[in-house]
Every structure is written in C-alpha cells, then in structure tokens.
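Undergrad: sequence plus predicted model, see below.
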Amino acid sequence: GDSVTQMEGPVTLSEEAFLTINCTYTATGYPSLFWYVQYPGEGLQLLLKATKADDKGSNKGFEATYRKETTSFHLEKGSVQVSDSAVYFCALNRDDKIIFGKGTRLHILP
Amino acid sequence: DTAVSQTPKYLVTQMGNDKSIKCEQNLGHDTMYWYKQDSKKFLKIMFSYNNKELIINETVPNRFSPKSPDKAHLNLHINSLELGDSAVYFCASSQVAGTGFSSNTIYFGEGSWLTVV
C-alpha cells in the first residue's frame, strides 16, 4: 500500500543553520505530496505542497521539490529560526485519505 | 474566523465515562475527517464523511461513533472511555476529490486533547 517514510527525529540545530528533513514515499502512480507543520500545542497547518513531478513547493522560507526518480520530497530551509521549532509531517493524499509519515521533531537552539 | 473549529480543546475524564467532541467547518467542504494522534505524534485516520455519508471507517473500536448532522459538522462520541483513548483528536475537512490521488489540501482543527484517568 501507499506509505510515507521520513527521517526519525529529533533534529536539533542552531539558529541560522541549514535544514534538511528527508521524506520518501511509496505509491502506485504519482501522488500529490504535502508537508504539514505542528507547532507546540497547536493543530496541523499546511506548510507547502507539490502536485506533480519537478514541482517545487515553497512557503515561509521552506522548500521541497517533488523528485519522481527518487520518490522523494525533502524539506529544506536555508537558515532556520527558533520559531521553526515544531513537528513536521510529510504526507500524500489518496482517495481523500491523507497518509502521514511519523513526523520529525525539530528543535532550534538560539 | 476559524476554518475548522473543534470543542472542547482540553478534556479530562474518568474511565468508563461517555464524552463527545464537536467539530464544525465553515469552508463549504464536502468531506470531513477525524484523526487520532498518539503520544508519539503518529497520526492515523479514524473516519471520513462525505456530505454526511460515512466513507472511511478504519479499524476503530465501536465505542467510537461519529455523527454528521450536516456536511458542516462532524461530531465524535466515545462510550466507555479507556486509558488508551488518551490522545489528541483532530477534526479536518477538504473538498472531495473522489478516488485516486488528490491535490486537495486537508484543513485541520486545533485538536482536542483527551486525557482519561
């Protein structure tokens, strides 16, 4: 079946460091891919998405490129801030059922 | 205006009690969901409704009963609460896209933190 795998956390970085959170998917066909973010004590918010191969989603300085050849959708940010500390979820949507990865907790140290 | 709102945000209750969580969306979406997030932050779908009709019912104990009075509301009722039901429950909604892959964004409420003691 369809699945999403993302790197285990927690990931701890210093402010202004470069961030990569890896995400790969397994699916028959070409799903749309999403990154959701959950800040402490809050619900999930869509961070960005990409709907077809080679699309790049971007928002709030975060980017992710849909790579069909490697079935990946890695999340990157060039310079993280303390306020980026949250849990990040990679996901795909099939039959209106969103399938999440297990989440990666990110800690940014000042 | 909150797009997907759920109440209560926090709920502490004793084992064996019955409780409900309410959800409303003002986005005009046809599809609504309940997701459960466990202590390890893992998210799993429980139910989805399309225009008041049950579409997805994952392997959830029948103590959990969703009710959709109209397409803007999807409530979750839980009977005979157990310690293992302690989790965060998220309501969500989206435009229906039918079968296959969808690019529709699913919008989540802020969650209801349920603690069973």
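TA: Happy to help now that I have it.

Undergrad: interface residues of chain A facing chain B?
TA: Taking Cβ under 8 Å from any Cβ of the partner chain, the part of chain A that reaches chain B is made up of A:27, A:29-32, A:34, A:36, A:38, A:42-46, A:49, A:51, A:87, A:89, A:92-98, A:100, A:102-103, A:105. In this view, the C-beta of every residue, glycine as well, is placed from N, C-alpha and C.

Undergrad: among those, name the ones in strands.
TA: Judged by DSSP state E, the residues of chain A next to chain B include A:34, A:36, A:38, A:44-46, A:49, A:87, A:89, A:92-94, A:97-98, A:100, A:105 as members of strands.

Undergrad: buried subset of those residues as a ChimeraX selection?
TA: Buried subset of these, written as a ChimeraX selection, criterion 16 or more other Cβ atoms under 10 Å in any protein chain shown:
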select /A:34,36,38,44,46,49,87,89,92,93,94,97,98,100,105
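
Undergrad: ok, so of the ones in strands among the residues of chain A next to chain B, who is nearest residue B:108?
TA: Nearest to residue B:108 out of those is residue A:44 (Cβ to Cβ; 4.2 Å).

Undergrad: now do the contacts for the closest one.
TA: With contact set as Cβ atoms under 8 Å, 6 or more residues apart in numbering or on different chains, residue A:44 has these partners: A:36, A:37, A:38, A:89, B:43, B:90, B:92, B:108.

Undergrad: any low-confidence regions in the chain?
TA: Assuming you mean chain A. Within chain A, the ranges that satisfy pLDDT under 70 run A:95-96.

Undergrad: actually, chain B is the one I wanted.
TA: Looking at chain B by pLDDT under 70, you get B:1, B:96-102.

Undergrad: just give the nearest non-adjacent residue to the most centrally placed residue in chain B, would you?
TA: What sits nearest the mean C-alpha location of chain B, by Cα atoms, centre = their mean, is residue B:34, with 2.3 Å. Spatial nearest neighbour of residue B:34, chain neighbours left out: residue B:46 (4.4 Å); criterion: Cβ to Cβ, 6 or more residues apart in numbering or on different chains.

Undergrad: before we move on, back to that, of the ones in strands among the residues of chain A next to chain B, which pair is most distant in space?
TA: Maximum pairwise distance among those (Cβ to Cβ): 25.5 Å, between A:94 and A:105.

Undergrad: what's near enough to touch residue 36?
TA: No chain in the question, so chain A it is. Residue A:36 makes contact with A:44, A:45, A:46, A:47, A:88, A:89, A:91, A:100, B:108, according to Cβ under 8 Å, 6+ apart.

Undergrad: please refer instead to chain B.
TA: B:43, B:44, B:46, B:87, B:88, B:89, B:90.

Undergrad: just residue A:100 next, same as before
TA: A:4, A:36, A:89, A:90, A:91, B:42, B:43.

Undergrad: which of those residues count as buried?
TA: Applying 16+ other Cβ under 10 Å to these, the neighbour count classes A:4, A:36, A:89, A:90, A:91, B:43 as buried.
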